[in-house]
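1. sequence plus predicted model, see below.
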Amino acid sequence: MGAREGGPPEGLLVVGVDIGNSTTEASLAVVAPDGSITHLGTDLTRTTGVKGTPENTEGALKAIRGALARAGRSAGEVETVLLNEATPVISGLAMETITETIITESTMIGHNPTTPGGEGLGVGTTRSIGELREQPPGEPVVCVVPPGWDFDDAAAALNAAVADGVDVVAAILAGDDAVLVTNRLTRPIPVVDEVSAVEKVPLGMLAAVEVAAPGRTIRTLSNSYGLATVFGLDPTQTRQVSPVARALTGNRSAVVVRTPSGDVTDRRIPVGELVLRGAGKTLRVDVDAGAEAIMEVVGRAQPLDDAHGEPGTHVGGMLAQVRDTMADVMDIAGQPDVPVSEIAIRDVLAVDTFVPAEVRGGLAGEVALENAVALAAMVRTSRSRMQLVADLVSEGLGAAAEIGGVEGEMAVGGALTTPGVDRPVAVLDLGGGSTDAALLTREGECTAVHVAGAGELVTKLIDSELALGDREVAEGVKWFPLGKVESFFHLRHEDGTVEFVDEPLPPHVFARVVVLTPDGPAPVPTRHGLDHVRRVRREAKRRVFVVNALRALRQVAPGGNLRALEFVVLLGGSALDFEIPDMIADALAPHGIVCGTGNVLGTEGPRNAVASGLVRAHAALLAEQARCPTG
Amino acid sequence: MPDRLSTPGPRPAVLVYRHPAAPAPVLRQICAGVEEEGVPTDLVDAPGPGDATTLAHAAAGESRLGVGIGLAASGAAAVHHGTLPERAPVTVVPAESAPPEWRRVGRIAARVVKHLPLV
C-alpha cells in the first residue's frame, strides 16, 4: 500500500484513535499526498473514564504514545490526530424476579444433603430426642435432634427408646451425622441431616421423612397422591399440597410436616408495565409477560423513540436510573445540565432467565429456581463531548487533533481492510454494552444502528443463572473453556479430551468444574456438572449475541432482508470469544451470508477497525483535495 | 514396621497411621468424617518421630485406594494421596484444632477416594 522501496515513506504522519466503552485503540500511519497509506503500528489500552468524557484524554494519549514508540517516531512529527465521533451509547441492565416460592409454617424440608442415612419412608409424630420416652408405645414417632448432639449419644438414645417399645420410624438431624447415626442403630430408619434451622420444625405434628437409595430420587413425597395417601387428604387438600410435591421433585431426601395452615406458594410478583413509544404508536406490555411478549411489542414500535417504565415499579426505577446516569455523563461543568427529558431510550432487549433464590421460610437453605426477566436498555443523546477530548489531546501531544468521522462508517472502512471482503459489507461490533451494526452499500452509502445488550448482559446472565454471586468468576466462565479435574494429574476438557499435567493440580480444584484461564484452572463454585455450566454459558451468549446480531442486521439490511447482505465482518472485543463468532456464523449461514471474524489490515484481528478506518477516511480526503484544490 | 490394629478386610480402605500417643477424640472425629461419607478405614499404629505429613504419605503409599491419613502424637493431622510428592499433602490440620476441623480431615480423605470436591 504505497510503501516506497528503500528509505522511509514520505507524507504526513497521522494517528487514528478509537475511544470505545472498554478499550482505546490507536493506528499510526503515513499518508502520501496521493492518498496512499503506509501503516506503521497500532496500540491498545484501557479506556479511561466513561466513553465520550474528558477523562478519555489520558487513555487516548497513552495509546498514541504507545503506537509512536513501536514505530520509533516522536510526538513532534505527528501532523494530525483523528478521533472518532462516538455516538454516546450507554446501557443499563436490570434483572427482575417475577416468581417467588414461600414456605409458610414450615411444611417441608426439601434440600439435598450429600449424605442422608438409611432409606425408605417413615411417617409419625414429631418429637424432640429428649422427649422420646413420653411417646406412648405403638404410636410412630419422627425424632428431631437439635444441634450439639454427638452421633454416639443420639444413636444410643434412639436405641434405648426403641428397646423401651417406642416406635421410632425416622429422624431429622441438625448436624452432618446421618450415616454415622444410621450405622449405629439397632433398627434401620431413614435419617435426613444438615437441617440448619431444625429448631423450627414444629413438634407434635404428623410428619413424613423419605430417603431414597443412592442414585435414586424420592417417590412418595414428590407425588401429590403419595402425600394424599400418607396424610389422608381429601381432593381439596390434595390440590393445596400439590406445590409441595412439585417443590420436592428430584430430591434424594425430604421431610413434609402436616401443619394446620402450612403451605408452599408459588407467587407471581407484579413487576410493572413497560411503555414503548415509536413508529407513531404508544404500546404497553407487562414485564412479567416474559421476553418473547416484550420483544414482539418492541418490534412493533420500531424505530423506538423512547421507553418508560410505570412509575413506582421495578421497571420504572430501572429505566429512570439509566436516564440519570446518562444525564450525569453528559453534564459539562459551567454549562446548563442536560435535562433528563432530553435523554431517550432507543432500544430495549428483554431476555428470559431464572435465578436460583433461597426459599423464604425454608429450614435447610432450600433453593428454588425463580423466573426472571433481564432487561438491557440503551440511551443515545445528541450531545457529544468528543470535541473537548480532541482539544485536550491536542494540548497534551502538541499536535492538531480533530474529529475524523462517525464510528459506524469508520468501522466499515476499517473492516474493508480484512482480506477477502468487498462491498456491500456489514459490520457487527460486538461490544460490552451494545451490539452495533453498520452497512456500506455498493454505492458507498452507510447506515448504522445500535441495539441494547452485549457482553455485560451475558456476564450477568451467567452470574445469576449459576448463582455465582461474583462478577469476576462469571467473566471467567464466559471467556474460557471449561474442564473437569479428574485426578491430581489429569483433567478432562469440555470436548472430552483428557490432558495429563506434570505438576500436581492444587487440592482446591480437585474433582471440580474449572475454567481454563491462562493462569491455570480456576474452580467454578457450583454443584452443577460441566454440561450444565456449558449449556448456561452457550444459552446466555445465544440469547444476547445471536438474537442481537439478527436484530441489528435486519435493521440495516435493505428492506430488512438478510439475503441482501453479502459479507458480514465481526468486530469488537466479543469477536475474540472462542465460540460467539461460530454461533453467529451458524445463524447467518442459511441466509447465504459470508460471515467471519474480521482481520483488520490483515494483522489486527477484530481490533483497530475504527482507528484504521479514521486513517483511511483522512487519506481519501487528502487525495480528494489534491485532485481539486480549494481556493 | 507399623502394627496393624484392625485386620485388613477384603475391600480396600483409607489407611490411618496414627502415633500411639495421639489424642483419642481427634482419631474418633477423623474416622467419623470418613464413615459419614460411606468409605471404610483401617487403623495402623505408627510409633516413631514422623510428623503428620510423613505418616500420611506412608499410609497413602500402603493404601490400596492410594489415600492415607496421618495423625501425629501432637494431634496434628494430614491427608495424602499416593500420586503426590511427600511434602505436598492434600491438607494439613495443626494440633489443637476444633472438632469440626478433625471431622473435615476424614471427610476430605473420603472425598479424594470418591472424586468429589474437597469441601
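-> Everything's here; your move.

2. so which residues of the stretch 251-400 of chain A form strands?
-> With DSSP state E, counting those that start in this stretch as the criterion, the stretch 251-400 of chain A has strands at A:253-258, A:263-268, A:273-278, A:281-286, A:304-309, A:344-358, A:367-380, A:400-406.

3. same thing with chain B?
-> Ranges of strands within chain B are B:3-4, B:14-18, B:41-45, B:67-71, B:77-81, B:91-93, based on DSSP state E.

4. quick one: which of those strands is nearest residue A:271?
-> Nearest to residue A:271, of all these, is strand B:91-93, at 46.5 Å by CB to CB. Where C-beta positions appear, they are placed from N, C-alpha and C, glycine not excepted.

5. may I see the buried residues of that closest one?
-> Going by neighbour count (16 or more other CB atoms under 10 Å in any protein chain shown), the buried part of strand B:91-93 is B:91, B:92, B:93.

6. name the nearest of those residues relative to residue A:247.
-> Using CB to CB, these come closest to residue A:247 at residue B:91, 36.3 Å.

7. next, the contact list for the closest one, please.
-> Residue B:91 makes contact with A:507, B:78, B:79, B:104, B:105, B:108, B:118, according to CB atoms under 8 Å, 6 or more residues apart in numbering or on different chains.

8. same question, residue A:18
-> A:24, A:25, A:26, A:84, A:407, A:410, A:608, A:609, A:610, A:611, A:614.

9. report the two of those residues separated the most.
-> A:26 and A:407 (15.3 Å).

10. reformat the strands of chain B as a markdown table; add mean pLDDT.
-> Listed next are the strands of chain B as a markdown table, based on pLDDT from 0 to 100:
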| stretch | mean pLDDT |
| --- | --- |
| strand B:3-4 | 65 |
| strand B:14-18 | 97 |
| strand B:41-45 | 95 |
| strand B:67-71 | 97 |
| strand B:77-81 | 98 |
| strand B:91-93 | 97 |
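
11. which residues of chain B fall in helices?
-> Applying DSSP state H to chain B gives helices spanning B:24-36, B:52-62, B:99-114.

12. is chain B within reach of stretch A:184-195?
-> No. Using CB under 8 Å from any CB of the partner chain, stretch A:184-195 stays clear of chain B, with a minimum separation of 8.9 Å.

13. how long is that stretch end to end?
-> With CA to CA, to the nearest Å applied, stretch A:184-195 spans 20 Å between its terminal residues.

14. buried ones in that stretch, by neighbour count?
-> A:184, A:185, A:189, A:190, A:191, A:192, A:193, A:194, A:195.

15. tell me which element the third one falls in.
-> Secondary-structure assignment from DSSP states H and E places residue A:189 in no helical or strand segment.

16. residue A:393 reaches residue A:401, doesn't it?
-> Yes. Residue A:393 is within contact range of residue A:401, at 4.4 Å (criterion: CB atoms under 8 Å).

17. now the common contact residues for those two.
-> Joint contacts of residue A:393 and residue A:401 (CB under 8 Å, 6+ apart) are A:81, A:83.

18. quick one: least confident helix or strand in chain B?
-> strand B:3-4 (a mean of 65; mean pLDDT, DSSP states H and E).

19. rewinding a little: looking at the strands of the stretch 251-400 of chain A, spot the one closest to chain B.
-> Distance to chain B, taken as CB to the nearest CB, is lowest for strand A:253-258 among the strands of the stretch 251-400 of chain A, at 14.6 Å.

20. for chain A, identify the residue most remote from the centre.
-> residue A:164 (58.8 Å; CA atoms, centre = their mean).

21. list, one by one, the residues from chain A near chain B.
-> Close to chain B, as judged by CB under 8 Å from any CB, chain A has residues A:114-115, A:151, A:176-180, A:183, A:486-489, A:504, A:507-508, A:510-512, A:523.

22. can you tell me which of those are in strands?
-> residue A:523.

23. and the stretch of helix or strand residue A:44 belongs to, what other elements does it pack with?
-> If you go by DSSP H and E, residue A:44 is part of strand A:37-46. Other helices and strands packing on strand A:37-46, by 3 or more CB pairs under 8 Å, 6 or more residues apart in numbering or on different chains; DSSP states H and E, are strand A:23-31, helix A:56-71, helix A:609-627.

24. what's the longest one packed up against?
-> By that I understand helix A:609-627. Using 3+ CB pairs under 8 Å, 6+ apart, helix A:609-627 is in contact with strand A:12-19, strand A:23-31, strand A:37-46, strand A:78-85, strand A:400-406, helix A:407-415.

25. can you state the direction angle for the shortest one and strand A:12-19?
-> Which is strand A:400-406. Between strand A:400-406 and strand A:12-19, the angle comes out at 60 degrees (axes from the mean of the first three to the mean of the last three CA atoms, to 10 degrees).

26. between strand A:400-406 and helix A:56-71, how big is the angle?
-> 100 degrees.

27. quick one, which of the helices and strands packed on helix A:609-627 gets closest to residue A:260.
-> Closest of the helices and strands packed on helix A:609-627 to residue A:260 is strand A:37-46, at 61.2 Å (criterion: CB to CB).

28. distance between the closest one and the chain's centre?
-> Computed by CA atoms, centre = their mean, to the nearest Å, the chain-centroid distance of strand A:37-46 equals 32 Å.

29. low-confidence ranges in chain B?
-> Across chain B, the ranges flagged by pLDDT under 70 are B:1-9.

30. any weak-confidence spans in the stretch 201-350 of chain A?
-> Looking at the stretch 201-350 of chain A by pLDDT under 70, you get A:262-264, A:266-269, A:329-336.
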